[in-house]
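Colleague: fold the stuff below for me.
(chains A, B, C and D)
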Protein chains: 2
Amino acid sequence: MDDAVAGLAQDRSRLGRSSTAERVADILRDRIIEGLFMPGQRLSEESICEALGVSRNTLREAFRLLSHERLLDHRLNRGVFVRVLSAEDVSDLYRVRRVLEGAAVRRPPTPQALAQISEAMTDAERAAEAGDWRAVGTANIRYHQALVTLNQSPRLDEAMRQLLAELRLVFHVMENPRDFHEPFLDRNRELLKLIEAGEPGRAAAYLDGYLDHAEQLLLRAYEPNR
Amino acid sequence: MDDAVAGLAQDRSRLGRSSTAERVADILRDRIIEGLFMPGQRLSEESICEALGVSRNTLREAFRLLSHERLLDHRLNRGVFVRVLSAEDVSDLYRVRRVLEGAAVRRPPTPQALAQISEAMTDAERAAEAGDWRAVGTANIRYHQALVTLNQSPRLDEAMRQLLAELRLVFHVMENPRDFHEPFLDRNRELLKLIEAGEPGRAAAYLDGYLDHAEQLLLRAYEPNR
DNA sequence: CTTGTCGAATCGTTCAACGATCCTTACGTT
DNA sequence: AACGTAAGGATCGTTGAACGATTCGACAAG
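Modeller: Model (predicted):
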């Protein structure tokens, strides 16, 4: 019986798990990530707190959370806006990816992490066959999130989660998701092979080329806008 | 004249710079980092909002910000507490440092970054001569913050800033700051030399040993507490 | 010693209000 | 036509009070 009681300790995290402000933040985060709120759009306190049935103060707490995640841009006395990323932001995001993912592929891979990466990989391929490019994008994100878990660091996982959320804001400027995601299917597969083969050096080099290419594609999509 | 106008863009960040909640967060962050609020201590909404002369709602917004930085622990219906880091947290912080600083030392150093590192180095040495070990700790943190700037990434700089703030919470358990900081003076100097000499491989290896040692010192200090 | 009950303290959330700030528009000046 | 000024409205920033919900500690009953 002591075992059963001890097991409860793991579920403790679920106890504290709720608070209107956090739930509101979750809802808004989803909308932003899904692209239902477009970058640059202003989020009016009044209309949103009425639509969600929460008070302005609670909504403001949620806004603070999302601004801190760089998904919203909070301008004093002017309200909050969905973040608009600049070309410099894109470059910076890829600099961080090179560091985080680069460190990941140099680590001895754990079976669980490999399984997660592999699962995301097959999900992406299945979605590609079905022609669901939005799902391909989602699976691709899961792939890279799983990649970072090789670092075995909760904080780096969290950092990657936030980074990928920001990156989704960028993906919305890609008018044709297929052209953007399709080429990376083979690359993800190849990278996974190199990791499984225990060749960290080659995997890291391959990853660098991979990220350079993706960054340039995105930057090119940003060119016309200025 | 266009130059002068363009130069203004850099000061734009100062414009938005104010909001009671953020200023409150700044004040509290300083107190926490300086150790005036001890880890585990509860921060009562009522007493603090009265002491600072702000409303509870505003204070709560500040609390949200600091919880998001992992400096406060927000437990539902129980209030906010100064974060208490576990031994696992310490290990994770050092895993992140290995990734962030490890990537930094492998980069070709820029003159400005080197200057900043060098300045922190001499500040630390000067403070050591004066026997001011608290100042040594502060300069040491500046040193590593400057180290990360080699990555040339604002997001990584920010991540390092937060990481070091967390680490200060841990340093408060070191009863004797001199024993902890003194050995690292020579190591910092040696690491700087290796970077200046353009030997990224040896610098990275040296850094790893450095971080391993620091982590173990901290973990040993944590042992008695459990 | 364990369990149930109760009250105080505090949190979570809402609501209403007022001043401050920003944007827009209009008007007059140069 | 370009610029400075003024007025108005919309929205934000912040406050203060209020009430239910939750937690914690004490104390009595089993």
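
Colleague: which residue ranges make up each domain of chain A?
Modeller: Listed by automatic domain parsing, the domain ranges of chain A are A:18-82, A:87-225.

Colleague: give me the distance from the shortest one to the chain's centre.
Modeller: What that stands for is domain A:18-82. 18 Å (Cα atoms, centre = their mean, to the nearest Å).

Colleague: I'd like the domains of chain A as JSON lines, with mean neighbour count and mean pLDDT appended.
Modeller: All C-beta spots, glycine's among them, are computed from the backbone N, C-alpha and C. JSON lines is the format used below for the domains of chain A (neighbours: other Cβ atoms under 10 Å in any protein chain shown; pLDDT from 0 to 100):
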{"stretch": "domain A:18-82", "mean neighbour count": "17", "mean pLDDT": "92"}
{"stretch": "domain A:87-225", "mean neighbour count": "17", "mean pLDDT": "94"}
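
Colleague: reformat those as CSV; add distance to chain B.
Modeller: Formatted as CSV, the domains of chain A follow (distance: least, Cβ to the nearest Cβ, whole Å):
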stretch, distance to chain B
domain A:18-82, 5
domain A:87-225, 4
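
Colleague: helices or strands up against the single longest helix found in chain A?
Modeller: Scanning chain A for the helix with the most residues, using DSSP state H, yields helix A:200-222. Under the contact criterion of 3 or more Cβ pairs under 8 Å, 6 or more residues apart in numbering or on different chains; DSSP states H and E, helix A:200-222 touches helix A:87-105, helix A:177-196.

Colleague: contact partners for the residue nearest in space to the middle of chain A?
Modeller: In chain A, the residue lying closest to the centroid (Cα atoms, centre = their mean) is residue A:164, at 2.2 Å. Residues in contact with residue A:164, defined by Cβ atoms under 8 Å, 6 or more residues apart in numbering or on different chains, are A:141, A:144, A:145.

Colleague: the first one against residue A:166, yeah?
Modeller: Okay, so that is residue A:141. No - Residue A:141 is not in contact with residue A:166 according to Cβ atoms under 8 Å; the separation is 11.5 Å.

Colleague: got the residues of chain A near DNA strand C?
Modeller: Within chain A, the positions adjacent to DNA strand C are A:19, A:20, A:21, A:53, A:54, A:55, A:56, A:57, A:58, A:76, A:77, A:78 by Cβ under 7 Å from any atom of the strand.

Colleague: if I pick the third one, what's in contact with it?
Modeller: Just to be clear, that refers to residue A:21. Residues near residue A:21 by Cβ under 8 Å, 6+ apart: A:58, A:59, A:61, A:62, A:65, B:64.

Colleague: related to what we said a few turns ago, give me phi/psi at the residue nearest to the centre of chain A?
Modeller: Phi and psi for residue A:164, reported as degrees, to the nearest 10, are phi -70, psi -30.

Colleague: which bits of chain A sit near DNA strand D?
Modeller: Counting by Cβ under 7 Å from any atom of the strand, chain A comes close to DNA strand D at A:15, A:44, A:45, A:46, A:56, A:57, A:60, A:74, A:76, A:77, A:78, A:79.

Colleague: ok, for the third one, nearest residue in space, not its chain neighbours?
Modeller: If I follow you right, that is residue A:45. Closest residue to residue A:45 apart from its sequence neighbours, by Cβ to Cβ, 6 or more residues apart in numbering or on different chains: residue A:56 at 5.5 Å.

Colleague: return the distance of that neighbour relative to residue A:76.
Modeller: Distance, residue A:56 to residue A:76, by Cβ to Cβ, to the nearest Å: 16 Å.

Colleague: tabulate the domains of chain A (CSV), appending distance to residue B:87.
Modeller: Converted to CSV, the domains of chain A look like this (distance: least, Cβ to Cβ, whole Å):
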stretch, distance to residue B:87
domain A:18-82, 27
domain A:87-225, 14
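
Colleague: want to throw the contacts of residue A:21 into TSV with distance to residue A:112?
Modeller: What follows is the contacts of residue A:21, written out as TSV (distance: Cβ to Cβ, whole Å):
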residue	distance to residue A:112
A:58	38
A:59	39
A:61	35
A:62	33
A:65	30
B:64	33
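
Colleague: widest-spaced pair of these?
Modeller: Across those, the longest distance by Cβ to Cβ is 12.3 Å; it joins A:59 and B:64.

Colleague: circling back: ok, so of the residues of chain A next to DNA strand D, who is nearest residue A:206?
Modeller: Nearest member of the residues of chain A next to DNA strand D to residue A:206, counting by Cβ to Cβ, is residue A:74, at 39.3 Å.

Colleague: just say helix, strand or coil for the closest one.
Modeller: Each residue gets one of three states, and residue A:74 gets strand by DSSP: H, G, I helix; E, B strand; the rest coil.
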